[in-house]
Structure formats: structure tokens, C-alpha cells
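Participant: my questions concern the predicted model and sequence given below.
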Amino acid sequence: MYGGGNVFEATKFDDLQQEDPVLLAEFEARIARGEKIEPNDWMPQLYRKQLVRMIEQHAHSEIIGALPEGTWITRAPGFRRKLAQMAKVQDEVGHAQLLYSAAETLGKTREQMLTDLINGKSKYSNVFNYPAFTWADSNIISWLIDAGAIVNQMANAKGSYGPYCRALDRICAEEAFHLKYGHDAVVHMATGSPVQRQMIQEALNRWWPPIMTFFGPSDKMSTHTETLMRWKVKMASNDACRQQFLDMYVPKIWELGLTVPDAKLRKNEEGVWEYTEPDWDEFKRVINGDGPCNAERLAVRRSAEERGAWVRRALLSPKASYVRPLA
Ligand code: BYC
């Protein structure tokens, strides 16, 4: 499917001069016309490499993202919340399945992707390296992290790579339910007893800084946005997504009588949200493995890989395809 060597490692492919100029021009014309690129179509190696990086990170974010909410399934208050929490977590893992399949169409095996995750080589969303101390933290994730994800994914679902866009369409449909579930859970606490209101405010205080960095570094610091937007993989910049999120959700947070923990947050005369610059040094530390829960999250994944190894071995064994003839 792709040329010799490991395209996902090789930096020489970052240089578009290496590509056939005619094929490159045709490819860019197709993207300009709004056509979808499919797995067997010609594509520059850098497009392939960037897509794998982004889709793989997204897939990892879904399975790692299932962990903080997953730990609240057994402790969710009441049977209905437990059922809904379980369904949501199951959906997130299903999203990872869709995304790993989309990334596989570009030539990287699932096994390699999972190995790169466990070894700390691949990134996943910074936000899932923070702890969900209370049920209220889990509710804030369900509402506001999913809200952020929808802003990003609705835009990128209109992008250029067919398998990723189709996966995002399905994911967004499910995320829309998660968003309603998360909102309902937060409304319940915000309109509940003083203790519940305090819990949800404290959870918002803890989660606000990570949420603000969920959309990636500011545009002037982003390394990949220019390339990704040129090829319509990314349909909105990090700052544009952050602004859209603030526009849509700050009023909803205020409506519940909650306080956004940022004294500088305000919409200026030009309609642009101003806010305290996130701590990008902390962000960099967290995405590079040194956040409060990185080690714990990867340990859970490593253990899941080890404990599931016998199942994969059994399924891949030639004997597993043996079908007993009907008597
Ligand atoms: N966290 O050049 P930039 C969910 C990295 S899961 C960690 O701006 P790009 C959910 C970036 O990878 C949905 N790393 O990058 C699940 C790059 O590093 P490398 C999660 C980040 O790709 C369960 C470097 O910083 N959504 O919702 O142009 C339960 C420079 O950044 C982050 C997705 O994955 C970050 N936040 O833009 C509940 C969406 N941001 O690779 C909910 C898909 C940046 O050079 N991904 N980095 O080492 C994207 O849309 C884009 O990749 C990003 C970053 C907007 C995240």
C-alpha cells in the first residue's frame, strides 16, 4: 500500500519535494473540490503519516478516556445512572474500535498502535491524565469534555479522509447522547442540595484548566495545524474550536449558577472570548508522560493487554477457524 521503509517513522516523507508533482497537484485539486480520499487512492506520505498520528491519538484518547468515568460505574448513585454510565463508557470503547479501524486503513497495524500507546510513544488527550476524585468530576467529564469533543469532531467530520469522516459521523451521533446525559447529571447536582452544588463547583474548578487545553496549544504554538488544514484533515484551528466551545458552553455553565474559575474570562466587543492563558508548560509535561495519572492510566492498559493476550492468541490460532460440520 505504501512504499518501502516505515513511513510512520521516516522524516524524509515530510518533504513534499519527494512526491510526484503531478500526483500531488491532482490530490490537492480533489481536496479543493471537496472529494473524499479513500484508502487505495494516491496520497502524499506526509498526509498518511499525519492522519495516522491524529487518528491513532484520537483512538487512544477514547480507550484511556473510558478509564476515569469507568471507575465511577460501580459507585454511580442509583441504578439508572449506573446503567447510563456503563453505556457511555462502552460507547467510548466502541469509538476507539472505529478509529483504530480507520487508522488501520492507512497501513499501521492495531498491534503496533497499542504497543506505541503502552510504551508511551503515542500521545492521547491530556485531559485523561487528571483524576476523577468524585462523582461530580465524572459528570463534568461527561458534559464538558464530550462537549469539547463534539465541537472538534463535528468540524473534522467534514474533512477529506473518508474512513475518518465516516467514523466521526457515527461517533458524533453517540456523543450527542453523552452530552445530554452529562448535562442532565450536572443540572441534577447544580440544582440539588448545597453539598451537591459545592461538589459540582469544585469539580468544575478542577477540570476547567485541563478543558481549556483539550483543544490543543494556541494556534501560534501548534506544529501541525497548517499542514492538516491545508489538506482538510483539520477543519478548524485549535483556537477556533476553543472559541466555539466557550461561546456555546460558558452561557450554559452560568445559567446553572456555577462560576467559571477564570477571573479574566469575558467576551470582548469584537465577540472574542478573552481568558487567562493556560499553563502550556504543564500541558507539555502532561502530554509527554508526566501528569498526575499518566503512569496509572498506562498501567491499566498494559495490564489489559497482558490479560487479554490469551484471547487474541486463541482467536488467531489456526484451530480457531475450525468449524464443526453439522451432524
Ligand atoms: N492532548 O500541532 P498541534 C473524548 C499534541 S476523546 C494531548 O496543535 P494537532 C472522550 C499534538 O498531538 C476525543 N496531546 O497538534 C473519550 C502534537 O504532538 P505530536 C479526543 C495534544 O494534531 C472518552 C503537539 O501537541 N479528541 O472526547 O494539529 C470519554 C502539537 O499540537 C493535545 C481527539 O483526539 C491534547 N489535548 O491538533 C469522554 C480529536 N493537543 O503528535 C470523552 C482528534 C495537542 O507532534 N485530534 N497535542 O507529538 C485533534 O483534533 C488534534 O490532534 C488536536 C491537536 C486538536 C488534539
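Facilitator: That came in fine, so what should we check first? Numbers count the residues shown, from 1 in each chain.

Participant: which stretches in the protein count as helices?
Facilitator: Remark: helices assigned in the chain by DSSP state H are 21-32, 45-70, 79-104, 110-118, 135-140, 146-156, 162-190, 194-213, 225-230, 238-255, 280-287, 294-316.

Participant: what's around Lys264, how many residues?
Facilitator: 9 (other CB atoms under 10 Å). Every C-beta, even on glycine, is put in place using the N, C-alpha and C of the backbone.

Participant: how about it, nearest residue that isn't a chain neighbour?
Facilitator: Distance criterion CB to CB, 6 or more residues apart in numbering; nearest residue to Lys264, sequence neighbours excluded, is Thr276 at 4.7 Å.

Participant: sorry, back to before: any chance of the helices of the chain in CSV, plus distance to the ligand, mean neighbour count and mean pLDDT?
Facilitator: Formatted as CSV, the helices of the chain follow (distance: least, CB to the nearest ligand atom, whole Å; neighbours: other CB atoms under 10 Å; pLDDT from 0 to 100):
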stretch, distance to the ligand, mean neighbour count, mean pLDDT
helix 21-32, 17, 13, 97
helix 45-70, 2, 23, 97
helix 79-104, 4, 18, 98
helix 110-118, 11, 17, 96
helix 135-140, 10, 25, 98
helix 146-156, 3, 22, 98
helix 162-190, 7, 19, 98
helix 194-213, 6, 19, 98
helix 225-230, 5, 16, 96
helix 238-255, 5, 17, 98
helix 280-287, 4, 16, 98
helix 294-316, 11, 13, 94
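
Participant: and these as JSON lines, adding distance to Glu269?
Facilitator: Formatted as JSON lines, those follow (distance: least, CB to CB, whole Å):
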{"stretch": "helix 21-32", "distance to Glu269": "35"}
{"stretch": "helix 45-70", "distance to Glu269": "35"}
{"stretch": "helix 79-104", "distance to Glu269": "39"}
{"stretch": "helix 110-118", "distance to Glu269": "45"}
{"stretch": "helix 135-140", "distance to Glu269": "30"}
{"stretch": "helix 146-156", "distance to Glu269": "24"}
{"stretch": "helix 162-190", "distance to Glu269": "30"}
{"stretch": "helix 194-213", "distance to Glu269": "22"}
{"stretch": "helix 225-230", "distance to Glu269": "27"}
{"stretch": "helix 238-255", "distance to Glu269": "15"}
{"stretch": "helix 280-287", "distance to Glu269": "27"}
{"stretch": "helix 294-316", "distance to Glu269": "41"}
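
Participant: is it true that Gln243 touches Trp273?
Facilitator: Yes - in this structure Gln243 lies within contact range of Trp273 using CB atoms under 8 Å: 5.7 Å.

Participant: what's near enough to touch Ala87?
Facilitator: Applying CB atoms under 8 Å, 6 or more residues apart in numbering, we find Ala87 in contact with no residue.

Participant: wait, the residue nearest to Lys264 sits on Ala263?
Facilitator: Yes - assessed by CB under 8 Å, Thr276 is found in contact with Ala263 at 7.4 Å.

Participant: endpoints of stretch 125-139, how far apart?
Facilitator: 18 Å (CA to CA, to the nearest Å).

Participant: repeat that for stretch 254-261.
Facilitator: 11 Å.

Participant: ok, and for that stretch, which residues are buried?
Facilitator: Residues Leu256, Leu258, Val260 are the ones in stretch 254-261 that count as buried (16 or more other CB atoms under 10 Å).
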